[in-house]
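[1] Here's my sequence, what's the structure:
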Amino acid sequence: MKKVTFKEISKIVGVSPMHVSRALAGHPYVKEDLRKKIFKVAKELNYSINPFGRGLSKNIQMKARMICLLTNYDNFFRTEYFIDLIDSISENCRSKDCDAIIVSLTDDKRDNVNRLKNLVNYYKAGIIEGFVFIAPDLGSQEGLFLCSEKVNFVCVGSRIDPETKYVDIDNFKAGFDVGEYLAGLGHRRFAFIKGAENRFDTRERMQGFSTALGMKGLEIDPDLIVKGDYKIAGGKKATASVFSRNKKPDAIFYANDLMAYGGMEFFKEKKIDVPGDVSIVGFDDLAASANCRPPLTTVRQPYAEMGEAVMEAVFDRNFTAMKIPGELIIRKSCGRL
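    As a prediction, this is how the structure comes out:
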């Protein structure tokens, strides 16, 4: 098949080849209406470029099929949860003959949206197959922008609103399993160390936990529901806050493993025995959880299944949502009262 050139596109659009080159490369100074016209013609002619290969000879054209992974989590590249999830998504990308690119967003919302505008142009040119937003916040400005552009967009590990196409662990069921397990051990005073308020996952984990306790005639004291930040230091601080109160829990459910590690640091310093004095449960089943002292009871994330489901969500335009069951991993951080 004959390769389409900038010159051919420029003749149809009625601009210079340089304008075509700049538009397809995402140059910010090309007018938006002209950019859209150029991309429309390029797509009609089945022209594809490698948007990251500007150093290549202009005679070399590469077909590209890419999935764009987005996140605005500040510890993205240092957090095992994200690494495991990206590894699973990337492996499933290869099975679809796709490549994954990672875009780490910043706190500058306006700059993020401007960057996404260029990526949306690549989507409209058929280079990017879809966008996957990992662990977005509720009402994320970047996510709402992608929705407004009507691109192929899926959230994983939380979502921006109830209507978003998404893949996630069944957080409600996982929280329910934790509550049922701790109540079955005879615990009666519970604390919940939650994550950020603007995330679906922490809300659903607490709802499941509370529902299971309610079915046993139990409840979480509102004074023992404490905000965390998904980090070790935040977990330690939240645990100290819980144990500074008159009513101390005999069981704590942490919204992730990292905060449970922080709780363990606090207990060790204060010589509080786990599980003799308090049982604790985490969430994620990070690699270190099996080697804690004592080994941490936690909920295992179904990374392999989530990566496979993300690819299904990207390529099946009728896909709406999928919740995948997690697995409660019972270790020695919980004891019977």
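
[2] Can you show me the strands along the protein?
    Secondary structure of the chain, counting by DSSP state E: strands at 66-71, 99-104, 128-134, 153-156, 166-169, 190-194, 225-227, 251-254, 279-281, 298-300, 321-324, 327-329.

[3] Quick one: closest of those strands to Glu219.
    Glu219 sits nearest to strand 190-194 of all these, at 8.0 Å, using C-beta to C-beta. C-beta here means a position set from N, CA and C on the backbone, and glycine is covered the same way.

[4] show me what contacts Pro136?
    Under the criterion of C-beta atoms under 8 Å, 6 or more residues apart in numbering, the contact partners of Pro136 comprise Leu70, Thr71, Asn72, Glu142, Gly143, Cys155, Ser158, Arg159, Ile160.

[5] rerun at 6 Å
    For Pro136, the contacting residues are Gly143, Cys155, Ser158, Ile160, by C-beta atoms under 6 Å, 6 or more residues apart in numbering.

[6] rank the strands of the chain by pLDDT, which is bottom?
    Taking the average pLDDT of each of the strands of the chain, the minimum falls on strand 99-104, with a mean of 84.

[7] partners of that one in the sheet?
    strand 66-71 (parallel) (DSSP bridges).

[8] Bridged to the closest residue in space to Tyr81 that isn't next to it in sequence, which residues?
    Once its chain neighbours are removed from consideration, Tyr81 has its nearest residue in Asp284; the separation is 5.5 Å (C-beta to C-beta, 6 or more residues apart in numbering). Beta-bridge partners of Asp284, counted by DSSP bridges, are Arg300.

[9] My read is that Asp284 contacts Arg300, right?
    No. Using C-beta atoms under 6 Å as the test, Asp284 is too far from Arg300 to be in contact (7.7 Å).

[10] More neighbours: which of these two?
    The residue with the greater number of neighbours, taking Asp284 and Arg300 and applying other C-beta atoms under 10 Å, is Asp284; the counts read 25 against 16.

[11] so who does the more buried one touch?
    For Asp284, the contact set (C-beta under 6 Å, 6+ apart) comprises Tyr81, Asn256, Asp257, Gln301.

[12] Could you report the distance from it to Met215?
    With distances taken as C-beta to C-beta, to the nearest Å, Asp284 is found 25 Å from Met215.

[13] Over to Ala304?
    From Ala304 across to Met215, the span is 31 Å (C-beta to C-beta).

[14] and what of Pro325?
    According to C-beta to C-beta, Pro325 stands 19 Å off from Met215.
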